[in-house]
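Chemist: What follows is a predicted structure for the sequence shown.
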Amino acid sequence: MNSTKRISPWAWVPTLYFAQGIPYFIVNNISVLMFAKMGVPNGEMALFTSLLYLPWTIKPFWSPFIDIIKTKRWWIVSMQILMSIAFILLTLSIPKPDEAMIAAGTTPISMFTITLFLFIITAFASATHDIAADGFYMLALKQSDQAAFVGIRSTFYRLASIFGQGVLVAIAGAIELKYKNIPLSWTITMLVTAVIFSLVTFYHLFAIPKPAADKSVLTPGTASAKAIFKEFGRTFATYFTKPGVWLAIAFMLLYRLPEAFLIKMCMPFLVASKEAGGLELSTAEVGIVYGTIGVIFLTVGGILGGLFASRIGLKKSIWWMAACMTLPCLTFVYLAIGQPDNLFAISTAIAIEQFGYGFGFTAYMLYMMYFSEGEFKTSHYAICTAFMALSMMIPGMFAGYLQEAVGYINFFWIVIVCCAATIVVTVFADRKIDPAYGKK
């Protein structure tokens, strides 16, 4: 890392990816549980929360400007300030449907118009932050350190998930239990989020380094409109003329297909009544089982995946990771059929599935980094993550309606069938990977 004042990666990589994770999980995961607890039907809930993925899907259309205008560090800090403001406003925007509407599961999504608007603003800022943060990571660290810290960055990204899906959900559950007021519980939850995120943002004003490589791709004095749009077009042209681009796109769209269906209906399944085919857990229990235990095992899987890949390389590790991505999905078939009451059994099943997903997702991250190598690595990586978002958005939009049509048991069997897509794209991607990539 070339910087006039060298700051250890340990001082900023963990907190940067913690800050990257918080808005993502609030917008795309916590919103699911909040809407489900507020009585919004699964079909509407899944459709609208999946549409919140849209900024991550279309971010290639503005990602080149992150390369061209200002520094990655400037974008990181600016977007964190904007998201801090959005979280404060979210605290004031949560509606208060009555208890009867919540119990009947008939709360219209239209009640959440302002909340959804603020979620969209947060999503666009978060997607922009992702572009800058991922590009900064690749600029500020050499390749061997990138592979070594990929597990660390995944760890703190998942710790943000524990904060969101564990700590915040537990807080919401405790307030709900004490005051019997679901809207109040989520209002306080958003207030805690706003305070914590604002503190992290303030820390980053001083902690994030200023590497010499972090600069506009245009030379000083050439940032005219014509030059900017020329570079914009060249970014896309170079991406879509990369060797093997269509295979890479297929891999990015299909490798996570089972998880795309599973993740959207996981929390609604956990809180749904036994009569509806769910496990009927309380909000606080979801915070412990899925948001804490599950994410801890997801994190451990990510760390071990990073270490495993850095030891033997992406090519030799990808099949182990694809297997871990697919086989543990069977645990949700077991949970749907057996509907166990034992919290230990439920926690064990979720821990197995989440560990496998964490380990398997490492291959996906490394593959995107591998494919993005070149002059426009920041923008090309952003295009890759856009395809990743699209791979989650499209299945998620239909997951709720599909579950309502076939029930939870058949829905999770469909997830198992989707594992075939992961295997097929891994077969073809494996043939194109450089055997030396990812090794220390």
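Modeler: Received it, and whenever you're ready, just let me know what you need.

Chemist: Check what contacts stretch 88-106 and list those residues.
Modeler: With contacts defined as Cβ atoms under 8 Å, 6 or more residues apart in numbering, stretch 88-106 is touched by 37-41, 107, 111-112, 114-115, 118-119, 122, 182-183, 186-187, 190-191, 193-194, 198. Quick note: C-beta positions are derived from backbone N, CA and C, even for glycine.

Chemist: how's the chain carved up into domains?
Modeler: When the chain is parsed into structural domains using the TED database, the resulting residue ranges are 1-223, 231-439.

Chemist: Present those as a markdown table; the columns should include mean pLDDT.
Modeler: Formatted as a markdown table, those follow (pLDDT from 0 to 100):
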| stretch | mean pLDDT |
| --- | --- |
| domain 1-223 | 87 |
| domain 231-439 | 90 |
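
Chemist: Turn the buried ones among the contacts of stretch 88-106 into a named ChimeraX selection, would you?
Modeler: This is the ChimeraX syntax for the buried subset of the contacts of stretch 88-106, where burial follows 16 or more other Cβ atoms under 10 Å:
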select :37,38,39,40,41,107,111,112,115,118,119,122,182,183,186,187,190,191,193,194,198
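
Chemist: hang on, isn't Asp134 packed against His380?
Modeler: No: the pair Asp134 / His380 is not scored as a contact, 10.5 Å apart, by Cβ atoms under 8 Å.

Chemist: tally of neighbours for Tyr364?
Modeler: 23 (other Cβ atoms under 10 Å).

Chemist: mind listing what the closest residue to it other than its chain neighbours touches?
Modeler: In space, and not counting its chain neighbours, Tyr364 is closest to Tyr255: 5.6 Å by Cβ to Cβ, 6 or more residues apart in numbering. By Cβ under 8 Å, 6+ apart, the contact set of Tyr255 is Ala322, Met325, Ala363, Tyr364, Ser391, Ala421, Thr422, Val425, Thr426, Ala429.

Chemist: Repeat that for Phe149.
Modeler: Contacts of Phe149 by Cβ under 8 Å, 6+ apart are Pro9, Val13, Tyr137, Leu141, Gly306.

Chemist: Would it be right to say that Glu280 lies in a strand?
Modeler: No: per DSSP: H, G, I helix; E, B strand; the rest coil, Glu280 lies outside any strand segment and is coil.

Chemist: Next up, phi/psi of it, please.
Modeler: Here is the backbone geometry of Glu280 (degrees, to the nearest 10): phi 60, psi 40.

Chemist: That one contacts Val271, correct?
Modeler: Yes: look at Glu280 against Val271 with Cβ under 8 Å: they come within range, at 7.2 Å.

Chemist: Counting neighbours, go ahead and name the busier of these two.
Modeler: Neighbours were counted for Glu280 and for Val271 using other Cβ under 10 Å; Val271 has more, 19 against 14.

Chemist: thinking that one is in contact with Gly277, fair?
Modeler: No: using Cβ under 8 Å, Val271 is not in contact with Gly277; the gap is 11.8 Å.

Chemist: The lengthiest helix in the chain: how far from the chain's middle?
Modeler: In the chain, with assignment by DSSP state H, the single longest helix is helix 377-430. Averaging C-alpha positions (Cα atoms, centre = their mean, to the nearest Å) puts helix 377-430 13 Å from its chain's average.
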